[in-house]
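Undergrad: next input, structure requested:
(2 chains)
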Amino acid sequence: GESVGLHLPTLSVQEGDNSIINCAYSNSASDYFIWYKQESGKGPQFIIDIRSNMDKRQGQRVTVLLNKTVKHLSLQIAATQPGDSAVYFCAENPGSGGYQKVTFGTGTKLQVIP
Amino acid sequence: SQTIHQWPATLVQPVGSPLSLECTVEGTSNPNLYWYRQAAGRGLQLLFYSVGIGQISSEVPQNLSASRPQDRQFILSSKKLLLSDSGFYLCAWSVLAGGPIGEQFFGPGTRLTVL
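TA: Next up is the predicted model:
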């Protein structure tokens, strides 16, 4: 649902370690899921997406896992780097109709410790 | 390639003053357009979306309004700002159905401080 009014949880990770950011979504009918990265003072940027007919998708250093049974989404970042420090949002999209009303999750702040 | 512009980048306004934030998109036609607000350290709140010229839908009651006078122009306005209007305002666009569904492309944002 809407993320208004919720403070961001923080995940601290040592540089070089793997990061796992979790997200619970609410709509079992959602067709598409997206992860966004937002650096301080900037707009969110697309990282990776996954369709509901998949349970895993890999990109460059990132992997998204989807568990529809428990409505859970995770983003794994391999060999975390200082440049990965940002707020990460998951988003769900019902994927129907001309208007794509994406619902953003609360967001997780990732802090990479050098 | 598509680009999205927002201005101004930062704005400090007194309570009760009017507001006009502008967003323009280049390199695409008939996009869906969105206005979001993000309070400091918090998530994204959808304020308005538009699927075409003159078509505006409001997500939450507030003293803000939006207009879409041209296909690729989206304006966020207020007649009288409140302290609670302070935040980071983001404009975004996405393709209509038939394209890569789900991905929204965000502008650089406008940081508004109401004093």
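Undergrad: for chain B, which residues are neighbours of chain A?
TA: B:32, B:39, B:41-46, B:49, B:51, B:90, B:92, B:94, B:96-97, B:101-109, B:111 (Cβ under 8 Å from any Cβ of the partner chain). From N, CA and C alone the C-beta is placed, and that goes for glycine too.
Undergrad: who does the helix or strand of chain A with the lowest mean pLDDT pair up with?
TA: Every helix and strand of chain A was ranked by mean pLDDT, DSSP states H and E. The lowest is strand A:103-104, at a mean of 81. Strand A:103-104 has these partner strands in its sheet, going by DSSP bridges: strand A:86-93 (antiparallel).
Undergrad: tell me which residues of the partner strand are tucked away?
TA: Residues of strand A:86-93 classed as buried: A:A86, A:V87, A:Y88, A:F89, A:C90, A:A91, A:E92, A:N93 (neighbour count, 16 or more other Cβ atoms under 10 Å in any protein chain shown).
Undergrad: can you pull the pLDDT of the third one?
TA: A:Y88 is assigned 96 on the pLDDT scale.
Undergrad: wait, it sits on A:Y36?
TA: Yes. Using Cβ atoms under 8 Å, A:Y88 is in contact with A:Y36, at 7.0 Å.
Undergrad: what do those two both touch?
TA: A:I47 (Cβ atoms under 8 Å, 6 or more residues apart in numbering or on different chains).
Undergrad: can you tell me which of the residues of chain B next to chain A are in strands?
TA: Among these, DSSP state E puts B:N32, B:L44, B:Q45, B:L46, B:Y49, B:V51, B:L90, B:A92, B:S94, B:F105, B:F106, B:R111 in strands.
Undergrad: who wins for neighbours among the residues you listed?
TA: Tallying neighbours with other Cβ atoms under 10 Å in any protein chain shown puts B:L44 at the head of these, with 30 neighbours.
Undergrad: now the strands: where do they sit in chain A?
TA: So, for chain A - with DSSP E - the strands run A:10-14, A:19-24, A:32-38, A:45-51, A:56-58, A:62-67, A:72-77, A:86-93, A:103-104, A:108-113.
Undergrad: tell me which residues of the last one are tucked away?
TA: Yep, that's strand A:108-113 we're talking about. Using 16+ other Cβ under 10 Å as the test for burial, strand A:108-113 gives A:T108, A:K109, A:L110, A:V112.
Undergrad: about what we covered before: going by distance to chain A, which of the ones in strands among the residues of chain B next to chain A wins?
TA: Checking these against chain A with Cβ to the nearest Cβ, the nearest one is B:F106 at 3.2 Å.
Undergrad: partners of the closest one in the sheet?
TA: Beta bridges link B:F106 to B:A92, judged by DSSP bridges.
Undergrad: and it, how close does it get to A:F46?
TA: Taking Cβ to Cβ, to the nearest Å as the measure, B:F106 falls 9 Å from A:F46.
Undergrad: ok so, going back, pull the most distant pair out of the buried residues of strand A:108-113.
TA: Largest separation among these by Cβ to Cβ: A:T108 and A:V112, giving 13.0 Å.
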